[in-house]
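> sequence below, structure please.
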Amino acid sequence: MRILVVEDEHRIANTIKKGLEQEKYAADVAYDGEEGFDLAVTEDYDLIILDLLLPLMDGLTVCRKLRERKVHTPILILTAKGQIRDKVEGLDSGADDYLTKPFSFEELLARIRALVRRPKNFTQTILTVGDLTLDPKLYTVEQRGTKIILSNKEFSLLEYLMRNAGKILAKEQIISHVWNYDADILPNTVEVYIRNLRNKIDKPELRKKPLIHTVRGFGYKIGEK
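Got it, this is the predicted structure:
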């Protein structure tokens, strides 16, 4: 899952980014409104965390302009302005939720989970494909009752595949959802991680047919067929 953090206070922005990455999210940071707006309209994000008091373009303007451009990514406003009229103005501008500074990171994570569950693709709490189950909240993967140990990136990749079970996902789509915008991705990086996943969940002694499939010339998909 990929999140954009638009926050001009570098310490807060980088702390949020680090915390999100520890929770297995991919996170990009923009330190002003114009950069945040540009990233939000050109990249594919699952959630935007948006401060209001931003240089170059304030958060309310960013929010309004994104909705005018038909960008429907969930927006969580994060700001020190906590008066009711400020919250109403933010929500009326198209934001989906509002969190006032100072805040606990646990509450931020809870708000994120609540927002990303709203779209159609996020209605399931536990994802299941064949004999494989993934719990995004507990960060666990099990196959036939046996826990599968994955690295953070392997988990994020598997979660993205399972949320889109049956769909063919191009390498570019996978990179944009699993890795940060500024990540140094080599051409075969996705292939390496797909191979790692196969070695853990598609072992011949456990499965007659693999769950992860390569669709040559197009990308990858997960499913029993």
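
> pLDDT-wise, which helix or strand of this protein ranks last?
Least confident helix or strand, the chain: helix 84-92 with a mean of 75, by mean pLDDT, DSSP states H and E.

> helices or strands up against it?
When contacts are defined as 3 or more C-beta pairs under 8 Å, 6 or more residues apart in numbering; DSSP states H and E, helix 84-92 packs onto helix 59-68, strand 75-79, strand 97-100. Using the backbone N, CA and C atoms, a C-beta is placed for each residue, glycine as well.

> buried set for that helix?
86, 87, 89, 90 (16 or more other C-beta atoms under 10 Å).

> run a quick neighbour tally on the residue nearest to the third one when sequence neighbours are not counted.
Just to be clear, that refers to residue 89. Excluding the flanking residues, the one nearest residue 89 by C-beta to C-beta, 6 or more residues apart in numbering is residue 60, at 6.5 Å. For residue 60, the neighbour count with other C-beta atoms under 10 Å is 22.

> check what pLDDT residue 60 gets.
Per-residue pLDDT puts residue 60 at 92.

> residue ranges with poor pLDDT in the chain?
Within the chain, the ranges that satisfy pLDDT under 70 run 81-84, 117-125, 180-183, 187.

> recalculate using a threshold of 50.
Applying pLDDT under 50 to the chain flags residues 120-124.

> okay, now the domains of it?
Listed domain ranges for the chain are 2-120, 124-222 (source: automatic domain parsing).

> following element in sequence after the strand or helix carrying residue 109, please.
Per DSSP states H and E: residue 109 is located in helix 105-116. Downstream of helix 105-116, the first helix or strand assigned by DSSP H and E is strand 127-129.

> for that following strand, which residues meet the burial criterion?
Going by neighbour count (16+ other C-beta under 10 Å), the buried part of strand 127-129 is 127, 129.

> could you point out the helix or strand that follows that strand?
strand 132-135.

> rewinding a little: and the helix holding residue 109 with strand 75-79, angle?
150 degrees (axes from the mean of the first three to the mean of the last three C-alpha atoms, to 10 degrees).

> is it true that the residue nearest to residue 89 touches residue 87?
No: between residue 60 and residue 87 there is no contact under C-beta atoms under 8 Å: 11.6 Å.

> common neighbours of the two, please.
By C-beta atoms under 8 Å, 6 or more residues apart in numbering, residue 60 and residue 87 have no common neighbours.

> what's around the closest residue to residue 69 other than its chain neighbours, how many residues?
Once flanking residues are discounted, residue 69 sits nearest to residue 41: 5.7 Å by C-beta to C-beta, 6+ apart. Neighbourhood size, residue 41 [other C-beta under 10 Å]: 13.

> got the contact list for the residue lying closest to residue 67 once chain neighbours are set aside?
Once flanking residues are discounted, residue 67 sits nearest to residue 94: 3.7 Å by C-beta to C-beta, 6+ apart. Residues counted as contacts of residue 94 (C-beta under 8 Å, 6+ apart) are 63, 64, 66, 67, 75.
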